[in-house]
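Asks: Fold the following for me, if possible:
(one chain, ligands or ions: 1)
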Amino acid sequence: MKFFIDSADINAIKKFSKIGMVDGVTTNPSIIAKSGRDIREVITEICGIVEGPVSAEVTATQAKKMIEEGEYLSKIAKNVAVKVPLTWDGLETCKVLSDQGIMVNVTLCFSSQQALLAAKAGASFISPFIGRLDDIGEDGMDLIKDIREIYDNYSNLSTEILAASIRTTDHVRRAAIIGADVSTLPPSVLEELAMHPLTDKGLKAFLDDWEKSGQTIM
Ligand code: E4P
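Replies: Alright, predicted model coming up:
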């Protein structure tokens with residue numbers, strides 16, 4: 001499973017990239033606004049750190065303008081994936097940009113039928129939002145399962161499933177079991193993935209025993 005960082009936090013992106021944990025980055029208008037930085041500047045910086053796809057989202061809602069924004073964003077760096085919402089205008093934009101060889105990430109996906117449309121429009125990635133479905137009392141993971149099954153039924157569909165709106169480490173575990181191609185993680189969830197109380201307890205016991213032995217390795 002590939003890990004994308006769902007953030008524009010440069011320090012976090014650098015920290016986890018160094019350990020080989022970052023295969024890409026996703027942003028959205030809220031994330032960029034939170035960074036307090038200019039979208040062009042921050043996407044350029046992230047693309048200089050990460051080799052994999054870096055999603056930058058259009059904010060227009062009409063296809064003509066969305067296509068213009070997408071073409072503009074795609075010129076920032078060769079690894080920019082243009083993010084478009086799952087609307088008919090977004091799907092039209094997806095088709096036009098994909099036909100030009102530009103990676104497109106179709107976002108705000110809440111049904112498997114929508115995911116099918118994105119794949120037919122040539123999306124490189126579909127972003128089903130797990131956490132936001134959980135928020136309204138559904139099990140967001142059912143959507144990942146359905147999309148996996150549908151995409152696997154048709155060998156001509158090459159869109160990658162990018163599990164988004166991940167809020168917990170258990171979301172990552174379940175998405176990986178189902179076979180989502182990518183999980184996009186807030187840095188806090190990625191941080192937590194390595195943690196286990198028995199690891200801490202075991203390490204403490206080992207170090208206490210070592211201390212008592214009086215030995216040193218070097
Ligand atoms: C990623 O592409 C999405 O923008 C993001 O995962 C949304 O997460 P949220 O529902 O926690 O805001």
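Asks: which stretches of the protein have low pLDDT?
Replies: For the chain, applying pLDDT under 70 flags no range at all.
Asks: what does it have sitting close to the ligand?
Replies: Taking C-beta under 6 Å from any ligand atom, the part of the chain that reaches the ligand is made up of 6, 26, 28, 107, 127, 129, 131-132, 164-165, 184. Using the backbone N, CA and C atoms, a C-beta is placed for each residue, glycine as well.
Asks: Now for the residues you listed: which two are most distant?
Replies: Of all pairs drawn from these, the greatest distance, 14.5 Å, lies between Thr26 and Arg132 (C-beta to C-beta).
Asks: neighbour count winner among these two?
Replies: Thr26 (26 against 15; other C-beta atoms under 10 Å).
Asks: Show me the helices in the chain, by range?
Replies: Taking DSSP state H as the criterion, the chain carries its helices at 10-18, 29-35, 39-49, 63-74, 88-99, 112-120, 130-135, 140-153, 169-178, 187-193, 197-213.
Asks: what comes up buried for the fourth one?
Replies: Which is helix 63-74. 63, 66-67, 69-71, 73-74 (16 or more other C-beta atoms under 10 Å).
Asks: try the fifth one
Replies: Neighbour-count burial for helix 88-99, counted by 16+ other C-beta under 10 Å, picks out 89-98.
Asks: Need those residues in JSON lines (columns: distance to Gly137).
Replies: Shown next, in JSON lines, are the buried residues of helix 88-99 (distance: C-beta to C-beta, whole Å):
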{"residue": "Asp89", "distance to Gly137": "29"}
{"residue": "Gly90", "distance to Gly137": "26"}
{"residue": "Leu91", "distance to Gly137": "28"}
{"residue": "Glu92", "distance to Gly137": "32"}
{"residue": "Thr93", "distance to Gly137": "32"}
{"residue": "Cys94", "distance to Gly137": "30"}
{"residue": "Lys95", "distance to Gly137": "34"}
{"residue": "Val96", "distance to Gly137": "37"}
{"residue": "Leu97", "distance to Gly137": "35"}
{"residue": "Ser98", "distance to Gly137": "34"}
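Asks: Looking at the residues of the chain next to the ligand, state which has the most neighbours.
Replies: If you rank those by neighbour count (other C-beta under 10 Å), Ala164 sits at the top with 31 neighbours.
Asks: who's in contact with the residue positioned nearest the centre of the chain?
Replies: Centroid check for the chain by C-alpha atoms, centre = their mean gives Thr184 as the closest residue, at 2.9 Å. Going by C-beta atoms under 8 Å, 6 or more residues apart in numbering, Thr184 touches 3-6, 24, 26, 127, 162-164, 166.
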